[in-house]
Structures are given as C-alpha cells and as structure tokens.
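Give the three-dimensional model of this entry:
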Amino acid sequence: MKPRKPPPEQDDLLRARLVEMIDMRHELVKLAVLIDWDVFEREWAGFFPSHTGRPATSPRLVAGLLYLQDAFALSDEAVVARWAGNPYWQHFCGETFFQHRLPIDPSSMTRWRKRIGEEGVEWMLTETIEAGKRAGVVKDNDLKRVTVDTTVMEKNIAHPTDARLYETARRKLVGLAREAGIGLRQNYNRLAPRLAGQVGRYAHARQFKRMRKALRLLKGYTGRVLRDIERKLDQVPEGALRVRLMEMIALVNRLLAQKPKGRKKLYSLHEPTVDCISKEKAHKRYEFGTEVSVAKTNRGGFIAGMRALPGNPYDGHTLAEALEQVEILTGQQPELAFVDRGYRGHGVKNVKVFISGARRGVARTIAKLLRRLSAIEPMIGHMKNDGLLTRSNLKGTEATRFSPCSAVGATTSV
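Down below sits the predicted model:
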C-alpha cells in the first residue's frame, strides 16, 4: 500500500519542538531546507501499486535515512540506532518533536532498497544535484564539462584461492546433505581442512609441486562428496531445500570444471556474479567486485553521475552510458568530457571527448582543463574511505546498482 500522507502539524504544549532544541546553522538543517522532499513523495509512490495492506513508511523518512547512511558510512542497524538519539538527524528526516523510539525496523531498509531499485536511488542523486544548484555550489555551466573515470566497488568476499573455494564448497555440500538427511559415504570433515591449510604452507614455502599435488587431492575430496550427493538426490523431496541443494550442485560443478585462466570464473560461492578486475594498481593487482563509472564536474568536483557496470566491460564502452546518465540527471547534455587513456575507442559522437595525454593540437584552455583530470582520484578516494564505495555488503547483482548512494553521500558531505 502507498505511504500514508503525514498528519498536519499540531502544537504540543508539553513538548518542545526540535527547532527550539537545535542550532539552525547546522549543515543538516541547511541541507534539509535545500532538498525538495515532495519529489520522493511523488516519484516513489509509483513503486506501491497495491491499494491494500498496511501503509508504507514515509518516503521522506526513508530518503533521509539513506542520505545519512551513505554520508556517514553506517549499516542499517547503526543508522536507525543513531537516529533515535540525534535531534539533528530527526529534524533532517522530517520529525517535529524528538522521538525516543526507533523509527523503523532496520530490515525495512532492505525492503525499501528492493522496492525503489536503481531508479529510486537515481532520484536521490538527482535531487542532490538540484540542491547543489539551489545552494549555488554547482552552476549550469559547470555541468557542461565533466570528468569521467571508473573504479571498483569490491564485494564482501575472501581472496578466492583454489584451496579455499574447494574447502568451502565441500563444507556447504556436507551441511546441505545433513540438512536433507542424506547419508554420505565419507564427508572428509577431518582430512579436508587440514589439507587446505597445508596447501597454503606449501605455497608460502614455494614448494609448488607439493602444493599442486595437495590441491588435486583436495579437489578430489570435493568431487567425491558432490557425486555422492548427486547419486542420492532422488531421496530429497520437492521443496525449497531441494532447490537450494540443486543450486549448490550447479555452482560446485562449475567450480570443478573451470580452468585456471578460463573466462567467467567462479570466485565466490555466495556471490557468483563477482568479476575479477585489474586496474594496474601497485598495491592491489586484482580487485574482486563490480566496476563503477563516476562522473564529476571538471570545475568544483561535484558528482554528476554514478552507475554500476556488472560484467567487467571495457572503459571505452561505458562512456556513452555514463554521459547519458549525466544528461538524464542534470537535464542538460555535457559539451566536453575529459577521460584518461583507458577510454580510447569510446565511439561517442555527440560530445567532444578529450583523452589524457593529448597536448598537441588542442587549445590552451582545453590543455588546462585536461590537467584537472587527476582531481577525480581524491574524490573517488573520499567515497571509498569515508563512504560506502569501498566494499559492498549487499548481496547479488542488483545490490551493486546502489553505487549512486555513495555519490549521494559524497555530495552531501561536500
């Protein structure tokens, strides 16, 4: 059911209003005035087509919590708990009087994210850009010149070594078989963990021949458990447990069949969609997660667009999509785009694109703007270290679509 309209404000002679308790010069108070909260009431109403059931939570409350969560890099439980003791946060979310109880259950944040999806989060980023225009932080001319770059939002997974993956797959299969009542000939609960640790010791000692031998034996343990379960799968009745078991069997078969340098490898059993991305960093050669495109104004460093790009696409192929999002969010098409050399072969025709290193044949003004290309790196570092872009704790491919939240947090904190 759609959210119920907030009741009209009423005076309470026994309680003081929040505006009488807080400093009206606080940054959250000023930001609350700049944001048009009616946009969320209007645009998010379409995500609730049903007219029956309990009315949903106020969209302003949820939008405010999402803003605060990403601006301060908090979990669902932490942002709801801190809301109950912070009058500035309550005023930002539209409360009139101080509330002593939690506004919603933390699990409601997950339900709202699933409900609004990527479109709903982009509305938050759009309204943040509009708030920046009202505050005079960003001007229309600034949005005509953008800098675009990509980074990686890592998934919450362990480093995917073969030994760890084989042992994790065996352990999950044994657990599901026990839950389904399947009696295994041998589960290797004693031998396999010890062998998995020995593989790491052999690798550390650079005894690679012994390491590969132990790894083949560990892979054989996992394969024996898998084949034993497949032979007895008919004993499991139809239901959710059988579906989970078949999904795990498919994943383990994929794991055992993949080659060391094959494409679309499986790097995590609980996050099968993780990509291995190389950004040529000296301190971290490979990152396991999802590529994210970031667009900011060349002057001022205001975030104008952000989008997750599953599948590890080539940077040049993502430029058209990134510029299209900037046009949708800001309402005007960029005239100039500045990118690094990884975007060569982008194929964009409707926007003038200047690639780093192109000093000859360009005007002095363009060369000066190209020198500001590296200014996007500290912005990305800010979103990673002080926001939620460094690691995604949400599950699935759809969860990576919430990378614009990190842009919202970075923009509101700026």
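
how about the strands of the stretch 101-250 of the chain, start to end?
Ranges of strands in the stretch 101-250 of the chain, per DSSP state E, counting those that start in this stretch, are 145-155.

tell me the helices in it, going along the chain?
Ranges of helices in the stretch 101-250 of the chain, per DSSP state H, counting those that start in this stretch, are 107-135, 162-180, 191-204, 208-231, 240-257.

For Thr390, which of those is the nearest?
Proximity to Thr390 (C-beta to C-beta) singles out helix 107-135 among those, at 17.9 Å. Placement of C-beta: from N, CA and C, glycine included.

could I get the helices of the stretch 101-250 of the chain as a markdown table with distance to Gly94, mean neighbour count and mean pLDDT?
Output for these, formatted as a markdown table (distance: least, C-beta to C-beta, whole Å; neighbours: other C-beta atoms under 10 Å; pLDDT from 0 to 100):
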| stretch | distance to Gly94 | mean neighbour count | mean pLDDT |
| --- | --- | --- | --- |
| helix 107-135 | 14 | 18 | 90 |
| helix 162-180 | 44 | 19 | 95 |
| helix 191-204 | 52 | 16 | 95 |
| helix 208-231 | 53 | 17 | 96 |
| helix 240-257 | 40 | 15 | 95 |
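
Reformat these as a markdown table; add distance to Lys2.
Converted to a markdown table, the helices of the stretch 101-250 of the chain look like this (distance: least, C-beta to C-beta, whole Å):
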| stretch | distance to Lys2 |
| --- | --- |
| helix 107-135 | 11 |
| helix 162-180 | 40 |
| helix 191-204 | 52 |
| helix 208-231 | 46 |
| helix 240-257 | 31 |
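
Indicate which one of those is closest to Ser268.
With C-beta to C-beta as the criterion, Ser268 lies closest to helix 162-180 of the helices of the stretch 101-250 of the chain, at 7.9 Å.

neighbouring contacts of that closest one?
Contact with helix 162-180 is made by 158, 184, 187-189, 192-193, 196, 199-200, 214-215, 218-219, 221-222, 225-226, 229, 235-236, 241-242, 244-245, 248-249, 251-252, 255, 266-269, as judged by C-beta atoms under 8 Å, 6 or more residues apart in numbering.

ditto for stretch 126-144
Applying C-beta under 8 Å, 6+ apart, the contact partners of stretch 126-144 are 30-31, 34-36, 39-40, 297-300, 302-304, 326, 329-330, 332, 334-336, 407-408, 411-412, 414.

Could you rerun that using 7 Å?
Stretch 126-144 is contacted from outside by 31, 34-36, 39, 297, 299-300, 302, 304, 329-330, 332, 334-336, 408, 411-412, using C-beta atoms under 7 Å, 6 or more residues apart in numbering.

And Gly136, how close does it get to Ser293?
According to C-beta to C-beta, to the nearest Å, Gly136 stands 27 Å off from Ser293.

Of these two, which one has the most company?
Using other C-beta atoms under 10 Å, the more surrounded residue of Gly136 and Ser293 is Ser293, with 22 against 7.

tell me the contacts of that one?
Contacts for Ser293 (C-beta under 7 Å, 6+ apart) come out as Val148, Thr150, Met306, Arg307, Leu309, Thr318, Ala322.

who's in contact with Pro103?
Residues Leu61, Val80, Trp83 are the ones in contact with Pro103 under the rule C-beta under 7 Å, 6+ apart.

Could you check how many residues crowd around the first one?
By the measure other C-beta under 10 Å, the count of residues near Leu61 is 23.

immediately after the helix or strand hosting it, which helix or strand?
Using DSSP states H and E, Leu61 falls within helix 59-71. Next along the chain after helix 59-71, taking DSSP H and E as the criterion, comes helix 76-83.

Just the C-alphas of that next one, formatted as PDB.
Taking C-alpha atoms only, helix 76-83 is exported to PDB below (Å, rounded to 0.1, in the frame of the first residue of the first chain):
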ATOM      1  CA  ASP A  76      21.200  -0.300   8.500                       C
ATOM      2  CA  GLU A  77      21.200  -1.100  12.300                       C
ATOM      3  CA  ALA A  78      23.700   1.700  13.100                       C
ATOM      4  CA  VAL A  79      21.900   4.400  11.200                       C
ATOM      5  CA  VAL A  80      18.500   3.600  12.800                       C
ATOM      6  CA  ALA A  81      20.000   3.400  16.300                       C
ATOM      7  CA  ARG A  82      21.800   6.700  15.900                       C
ATOM      8  CA  TRP A  83      18.700   8.400  14.600                       C
END
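
other SSEs contacting it?
Where contact means 3 or more C-beta pairs under 7 Å, 6 or more residues apart in numbering; DSSP states H and E, helix 76-83 is packed against helix 59-71, helix 87-92.

Which one of these lies nearest to Met21?
Among those, helix 87-92 comes nearest to Met21, with 5.4 Å by C-beta to C-beta.

re the thing from before, let me have the helices and strands packed on helix 76-83 in a markdown table, adding distance to Phe98 as columns.
Formatted as a markdown table, the helices and strands packed on helix 76-83 follow (distance: least, C-beta to C-beta, whole Å):
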| stretch | distance to Phe98 |
| --- | --- |
| helix 59-71 | 15 |
| helix 87-92 | 6 |
